[in-house]
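Chemist: Okay, predicted coordinates and the sequence, questions at the end:
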Amino acid sequence: MTPVSDPRLGAFLKARRAQLAPRDCGLPETDSRRKVAGLRREEVALLAAISVDYYTRLEQGRVRASASVLAALARALRLDDDQQRYLYELAGRTDARPRGRRPAQRVRPAVRRLLDQLAETPAMALGKRLDILAWNPAAAALYTDFARIPADRRNYVRLLFTDPVVRALYRNWEHDARDAVAALRMEAAAGPEDPELARLVGELSVRDADFRIWWAEHRVVGSAYGTKHYRHRLVGDLTLDCDTWSSPDGSGQRLMVLTAEPGTPSHDALRILASWTAGRPAPDRAEDHTA
């Protein structure tokens, strides 16, 4: 059978994974003896968030890799700039290789003003990949101090799976986390060549078995509203309506707002949280996110 891709690509991938040990990539060591040096195929596939069958066919030259898969493999195999350039050249994707910094995601001034004016209502501006671009004091009081998190790590799905404070906030964590993964799947459909998305999926696939399983289910959800149940460490249980509005400017950004029925304990709890944040300076939201 005539190879679909350059056979040198498979040879390069094999050679590179043979140079890496599991500990080099954050994978646990096992006691079992290895038949081959370095990483196994299934370990590379795990790190790159692709199927083992797909990766095997890629090494065998039976399939062509997309730019997003190449970006994920470059991250998984810890390739330097020269090695990345070589990888893309072998794959015939030289022009598609991401170069330099991408345009920053910028929140419109009107959205920032709206966040500030929603004094008793937690609200956040979400960008591509569900990155958290901006928030108001009420959202920080409900979730966590977003300002303490580096801008390139402020992602709703990442925090849901990796931040203990955020994770403990959800009374129905499994339900909400699965919905978040499904929403991220929708993001993948809109930006299949996004290397940052590939890196996010690869990171969470390695760090969390639930994410890895749910991502492989290919479930998608595009719901713009719903109900969330929280258990806040200071004000107790809250039941909040979550509504999301898409920006009309075509940026793909969304405004997520959490409200409670007036007169309910949840509404009173939000007012208590708002009173604690009253008079504080607005959170530092000046940092922009790369695309």
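Modeler: That came through fine. Numbers count the residues shown, from 1 in each chain.

Chemist: Which pLDDT value does the model give residue 274?
Modeler: With respect to pLDDT, residue 274 scores 89.

Chemist: Who are the contact partners of it?
Modeler: 119, 120, 137, 138, 141 (Cβ atoms under 8 Å, 6 or more residues apart in numbering). To be clear about C-beta, it is placed using only N, CA and C from the backbone, and glycine gets the same treatment.

Chemist: I'd guessed the last one sits against residue 278; true?
Modeler: No. Using Cβ atoms under 8 Å, residue 141 is not in contact with residue 278; the gap is 10.4 Å.

Chemist: quick one, which of those two is more surrounded?
Modeler: Shown here are residue 141 and residue 278; by other Cβ atoms under 10 Å, residue 141 has more neighbours (21 against 9).

Chemist: so who does that one touch?
Modeler: 122, 273, 274, 276, 277 are the contacts of residue 141 under Cβ under 8 Å, 6+ apart.

Chemist: Inside helices: which ones of those residues?
Modeler: Applying DSSP state H to those, the entries found in helices are 273, 274, 276, 277.

Chemist: Generate a ChimeraX selection restricted to the buried entries among these.
Modeler: To isolate the buried members of the ones in helices among the contacts of residue 141 in ChimeraX, using 16 or more other Cβ atoms under 10 Å:
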select :273,274,277
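
Chemist: Need the ones in helices among the contacts of residue 141 in TSV (columns: distance to residue 253).
Modeler: Formatted as TSV, those follow (distance: Cβ to Cβ, whole Å):
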residue	distance to residue 253
273	25
274	24
276	28
277	24
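
Chemist: between the contacts of residue 141, which is closest to residue 14?
Modeler: The shortest approach to residue 14 among the contacts of residue 141 belongs to residue 122, at 49.7 Å (Cβ to Cβ).

Chemist: Count the neighbours of the closest one for me.
Modeler: 27.

Chemist: for the protein, what are the low-confidence residue spans?
Modeler: Low-confidence segments of the chain (pLDDT under 70): 1-3, 29-37, 94-102, 192, 223, 279-291.

Chemist: For the most centrally placed residue in it, give me its contacts.
Modeler: Nearest to the geometric centre of the chain sits residue 200, at 4.4 Å (Cα atoms, centre = their mean). Each residue near residue 200 by Cβ under 8 Å, 6+ apart is listed here: 129, 155, 157, 158, 184.

Chemist: Turn these into TSV, columns for distance to residue 109.
Modeler: Formatted as TSV, the contacts of residue 200 follow (distance: Cβ to Cβ, whole Å):
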residue	distance to residue 109
129	23
155	23
157	27
158	27
184	28
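
Chemist: hang on, the earlier thing: now render the contacts of residue 141 as JSON lines, adding distance to residue 54.
Modeler: Output for the contacts of residue 141, formatted as JSON lines (distance: Cβ to Cβ, whole Å):
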{"residue": "122", "distance to residue 54": "40"}
{"residue": "273", "distance to residue 54": "46"}
{"residue": "274", "distance to residue 54": "49"}
{"residue": "276", "distance to residue 54": "50"}
{"residue": "277", "distance to residue 54": "48"}
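
Chemist: pretty sure residue 253 contacts residue 130?
Modeler: No. Counting by Cβ under 8 Å, residue 130 is not a contact partner of residue 253; they are 10.5 Å apart.

Chemist: which residue packs closest to residue 188, ignoring adjacent ones?
Modeler: Spatial nearest neighbour of residue 188, chain neighbours left out: residue 197 (6.0 Å); criterion: Cβ to Cβ, 6 or more residues apart in numbering.

Chemist: Residue 71 is in contact with that neighbour, correct?
Modeler: No. Counting by Cβ under 8 Å, residue 71 is not a contact partner of residue 197; they are 9.1 Å apart.

Chemist: Compare neighbour counts for the two and give me the winner.
Modeler: Between residue 197 and residue 71, residue 71 has the larger neighbour count (other Cβ under 10 Å), namely 27 against 22.

Chemist: returning to what we had before: just the buried subset of the contacts of residue 274, written out for PyMOL, thanks.
Modeler: Remark: buried members of the contacts of residue 274, expressed as a PyMOL selection using 16+ other Cβ under 10 Å:
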select buried, resi 120+137+138+141
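
Chemist: quick one: which of the contacts of residue 274 sit in helices?
Modeler: Judged by DSSP H, helices contain the following of those: 137, 138, 141.

Chemist: of all the residues you listed, which comes closest to residue 260?
Modeler: Nearest to residue 260 out of these is residue 138 (Cβ to Cβ; 11.4 Å).

Chemist: Leaving out sequence neighbours, find the closest residue to that closest one.
Modeler: Nearest in space to residue 138, with sequence neighbours left out and distances taken as Cβ to Cβ, 6+ apart, is residue 122 at 4.4 Å.
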